[in-house]
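Enquirer: Structure of the sequence below:
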Amino acid sequence: MRLFYLNTFLLLLLSCGDIVDAEPIKKNLPGYTYRWNFELLKDSPLEIYLAQDLVDLLPEELDDKDGLNLIEQMADVWNKGHPELDFFALPFIRSENKDYTNLQDFQDDEIGIYPSYGWYKNLSTRSLAITQFFGTKKSLANGKIIVELAHADIIINFRNFKYSIGQNKEKLYDLLTVLLHEMGHMIGLPHPRGERLGKGIMSRTLGKEEVKRRLEPADMFLLMDSYPIEETKYLYDLPDYRDPLNLLVDPPLERFIIELMEDGHKHYHENGKFLSCDENIH
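Expert: Next up, the predicted model:
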């Protein structure tokens, strides 16, 4: 029997918004590495259900030579960024939209990308998009804490925002740039701590009219930090560890929210408590 400490949790990653909340409880917060199981990705990249509403926005004449539409081409950017792993199975599976009123209803058997036309009362109206995760928190023998992802969805705010694809005469947010960023979160990547390696698609802020279609050195650093080449090549990972006293105790369900603000800060919530807006949160 493997010895490991297991915590199942829901992680909700909110991008580009603000929140009205109580004063944060200042504390040193742990940094987690979020990632999908290496062996799972090797055997079967993530099958993504793409809402037909989003497909209908895309000019067919801009499909690539393999027949991938513009959104699928953004996923392929992440696939080509790692020498050992494909993160996304291409092409995506077409799907009806799932405009649930409850975010937790997205915890189903389909990893998807959907528009929302009503948005959610517990989210900021200034959030461009969210990426919602479900996963398992593990303490490794070396003391490192990872979160092994089991489910995720990207939801785009179409109630409060319009988006551009291609020409942008109205000075709107670029939909493909937003999705390339959110796909990075979908595979577990955080925002960078600083801009020592320059700005990339995973930078904390996104400006109107900003168009990005590729990974920069800062993004590659995050990708290789979460999915190290040697570990993914040989499917090597340290064993999980759990206190034997906890073996008979069901792990508690925890809920985490990381929210990206327009000012570049991130809000961190744990089990309903607003803990910090520290810029050093992973």
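
Enquirer: How is Ser124 assigned, secondary-structure-wise?
Expert: Look at Ser124: counting by DSSP: H, G, I helix; E, B strand; the rest coil, its state is coil.

Enquirer: Spatially nearest residue to Thr101, not counting backbone neighbours?
Expert: Distances taken as CB to CB, 6 or more residues apart in numbering put Gly118 closest to Thr101, at 7.1 Å, once the chain neighbours are dropped. Backbone N, C-alpha and C define where each C-beta goes, glycine included.

Enquirer: Contacts only, for that neighbour.
Expert: 99, 101, 159 (CB atoms under 8 Å, 6 or more residues apart in numbering).

Enquirer: What are the phi and psi values at it?
Expert: phi -110, psi -20 (degrees, to the nearest 10).

Enquirer: Please report the distance of it from Leu70.
Expert: Using CB to CB, to the nearest Å, Gly118 is found at 25 Å from Leu70.

Enquirer: just to revisit the earlier point, what's the distance between the residue nearest to Thr101 and Leu172?
Expert: 20 Å.

Enquirer: Same check on His185?
Expert: His185 sits 21 Å away from Leu172, taking CB to CB as the criterion.

Enquirer: The two: who's more crowded?
Expert: Using other CB atoms under 10 Å as the criterion, His185 and Leu172 rank with His185 on top: 25 against 14.

Enquirer: since we're on the nearest residue to that one once chain neighbours are set aside, how many residues are nearby?
Expert: Of all residues not flanking His185 in the chain, Thr131 sits nearest, at 4.0 Å (CB to CB, 6+ apart). Neighbourhood size, Thr131 [other CB under 10 Å]: 23.

Enquirer: Can you tell me the strand partners of the helix or strand harbouring Thr131 and which way each runs?
Expert: Assessed by DSSP states H and E, Thr131 sits inside strand 129-140. Applying DSSP bridges, strand 129-140 is found paired with strand 5-17 (antiparallel), strand 145-157 (antiparallel), strand 240-241 (antiparallel).

Enquirer: Surely the residue nearest to His185 touches Ile154?
Expert: Yes. If you go by CB atoms under 8 Å, Thr131 and Ile154 touch, sitting 5.2 Å apart.

Enquirer: Domain ranges for this structure, per the record?
Expert: For the chain, automatic domain parsing gives the domain ranges 33-115+158-240, 252-282.

Enquirer: worst average pLDDT in these?
Expert: Here the lowest mean pLDDT among those goes to domain 252-282, at a mean of 54.

Enquirer: give me the number of residues near Tyr100?
Expert: Residues near Tyr100, counting by other CB under 10 Å: 16.

Enquirer: Just to check, it is in contact with Gly112?
Expert: No. Assessed by CB under 8 Å, Tyr100 is found out of contact with Gly112, at 10.9 Å.

Enquirer: what's near enough to touch Ala75?
Expert: Taking CB under 8 Å, 6+ apart, we find Ala75 in contact with 48, 87-88, 90, 92, 183.

Enquirer: What remains of the contacts of Gly118 if I keep only buried residues?
Expert: Buried subset of the contacts of Gly118 (neighbour count, 16 or more other CB atoms under 10 Å): Asp99.

Enquirer: Just the ones of the contacts of Gly118 in strands?
Expert: Judged by DSSP state E, strands contain none of the contacts of Gly118.
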